[in-house]
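S.K.: I'll drop the sequence and a predicted model, then ask my questions.
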Amino acid sequence: MKKITIYDLAELSGVSASAVSAILNGNWKKRRISAKLAEKVTRIAEEQGYAINRQASMLRSKKSHVIGMIVPKYDNRYFGSVAERFEEMARERGLLPIITCTRRSPELEIEAVKAMLSWQVDWVVATGATNPDKITALCQQAGVPTVNLDLPGSVAPSVISDNYGGAKALTQKILANSARRRGALAPLTFIGGRSGDHNTSERLRGCHDAHRERGVSVPQENILAPGYSKGKGEACLQERFGAAETHLPGIFVNSTISLEGVVRWLSQAGLTGSEQPPMGCFDWDPFVYLLGHDIDMVQQDVPAMLEAVFQIIDSGDASQQRIEIPPLLMSSR
C-alpha cells in the first residue's frame, strides 16, 4: 500500500499542504486556522492511518516538540497533580510530555535528564531536584533551556511556593488551636523534611517567626527533620517522646508523606480522638480531614505554579528569575 503523505491529506481535505502540516504539528492556532478545519484534517489523517514523521519535522523546524519533566515522587497528591497538570498543559500546546520519577536520587536525576537530552527535548522542567544547578549546567551544554519547579536553583528560572508565608500562616493557626484547647501557649514540634533544602529552611523560618510574634521560642530539640520518609519521622517521634510522658502541644508536619508516619506514631502512643494534639501539614490531601479535628493544611497552588512555568516556556526566557506563588491555607474548620 502507498504511504500517505501530507500532500494526499491536503487533496482529500481541500486545503494546502502547509495548513495540513501546521494542524498535525499543533500549530494551527498560530496560523489562525479554525478549530473546525483542524478537527476535519485530523479526522481524515486518522482515517487514512497517517503517522507524523517527527524526525523529519524536527529537522525542518529544529524543534522536537517534546518536553521533559522529572519529579521526585508519584505517590503524593502534590507531585501527582503537578505531573498531571504539566502533561495536560503540554498537550494543549502540541507538545509531547515525557515525565519520569527520580525518587530524590541525584544519580537518577542526572541519568533521566541525559536520556531526555538524547531524545532532543526542547525544555527540561526539574521538579524538586536535589541539585537543580547541576541539571541546568548539563542541559546548557546541550543547548536545552531548563526551568526549576518546587525547589529553586541559582542559574535557571525557578517557580516555587511561598514556603515562608505559608508556613507562618499555618503555624499561627496551629498555635491558636493549641491555645484554645490548652489555655496557654507552648512551642510546637516541627517534623519532616531536610533542614538543608530551601523549602524546609523557609518553612522553619516561617514557623520560628510565627512563634516569636506570640512571645514563644522553639527549642532545637523540637525540630525533627530526618527527611520526608514516613518511617524516619515515626522513629524520630518515638526517640523524642516515647521514653517519657508524652507532651505535645501541637505538631507542624512538613508533608503528607511525613504525616503518614506521624499518624501511625500517634495511634501507637494512644494520642487519638480527644487526645490528639492540634496539627498542621504543609501539603494537602482531602482525606486528612477524616483523621480528626484541628488538622489544618497548606495547599500549594499547582495550577498557578504551572501557569508560571509555561509562561516562561512560551516566552522562551530562560534567564534566572524566581517566582513565588502564594499557597492556600485550608482550615479544618
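M.R.: Happy to help now that I have it. Quick caveat, the model's predicted, so the values are computed rather than measured. Numbers count the residues shown, from 1 in each chain.

S.K.: right, and the helix or strand after the lowest-mean-pLDDT helix or strand in the chain?
M.R.: When each helix and strand of the chain is scored by mean pLDDT, DSSP states H and E, helix 54-61 comes last, with a mean of 50. Read in the C-terminal direction, the helix or strand following helix 54-61 is strand 66-71, with elements assigned using DSSP states H and E.

S.K.: Okay, the residue lying closest to residue 283 once chain neighbours are set aside and residue 86: tell me how far apart.
M.R.: Leaving out its chain neighbours, the residue that sits closest to residue 283 by C-beta to C-beta, 6 or more residues apart in numbering is residue 256, at 4.2 Å. (Glycine included, C-beta is placed from N, CA and C.) Using C-beta to C-beta, to the nearest Å, we find residue 256 at a distance of 20 Å from residue 86.

S.K.: what number of residues lie near residue 136?
M.R.: Taking other C-beta atoms under 10 Å as the criterion, the count of residues near residue 136 is 26.

S.K.: Surely it is in contact with residue 142?
M.R.: No: assessed by C-beta atoms under 8 Å, residue 136 is found out of contact with residue 142, at 11.0 Å.

S.K.: end to end, how far does stretch 294-309 reach?
M.R.: Its first and final residues considered, stretch 294-309 spans 34 Å by C-alpha to C-alpha, to the nearest Å.

S.K.: do the same with stretch 19-37
M.R.: Stretch 19-37 has its terminal residues 10 Å apart, counting by C-alpha to C-alpha.

S.K.: any idea of the mean pLDDT in that stretch?
M.R.: Looking at stretch 19-37 alone, the average pLDDT works out to 84.

S.K.: what distance separates that stretch from the middle of the whole chain?
M.R.: Shown here is stretch 19-37, whose average C-alpha point lies 31 Å from the average C-alpha point of the whole chain (C-alpha atoms, centre = their mean, to the nearest Å).

S.K.: Give me the contact list for it.
M.R.: 6, 9-10, 13, 15, 38, 41-42, 45, 50, 52, 57, 61, 65, 93-95 (C-beta atoms under 8 Å, 6 or more residues apart in numbering).

S.K.: And for stretch 172-185?
M.R.: Contacts of stretch 172-185 from elsewhere in the structure, counted by C-beta under 8 Å, 6+ apart, are 186, 188, 210-211, 213-216, 249-252, 277-280, 294, 296, 329, 331.

S.K.: for stretch 106-118, same thing?
M.R.: With C-beta under 8 Å, 6+ apart as the test, stretch 106-118 has contacts from 68, 70, 98, 100, 102, 124, 126, 129-131, 134-135, 138-139, 142, 144.

S.K.: out of those, who's nearest residue 237?
M.R.: Among those, residue 130 lies closest to residue 237 (C-beta to C-beta), at 25.1 Å.

S.K.: I'd like to know how many residues surround the closest one.
M.R.: A total of 19 residues lie near residue 130 under the criterion other C-beta under 10 Å.

S.K.: what kind of secondary structure is it in?
M.R.: The three-state label given to residue 130 by DSSP: H, G, I helix; E, B strand; the rest coil is coil.

S.K.: Could you find the closest non-adjacent residue to it?
M.R.: Counting by C-beta to C-beta, 6+ apart, residue 130 lies nearest to residue 106, which is 4.8 Å off, once chain neighbours are set aside.

S.K.: ok, now residue 42?
M.R.: When the adjacent residues along the chain are set aside, residue 42 lies closest to residue 23, with 6.4 Å between them (C-beta to C-beta, 6+ apart).

S.K.: Kindly provide the distance from the one you found to residue 49.
M.R.: When C-beta to C-beta is applied, the distance between residue 23 and residue 49 equals 17 Å.
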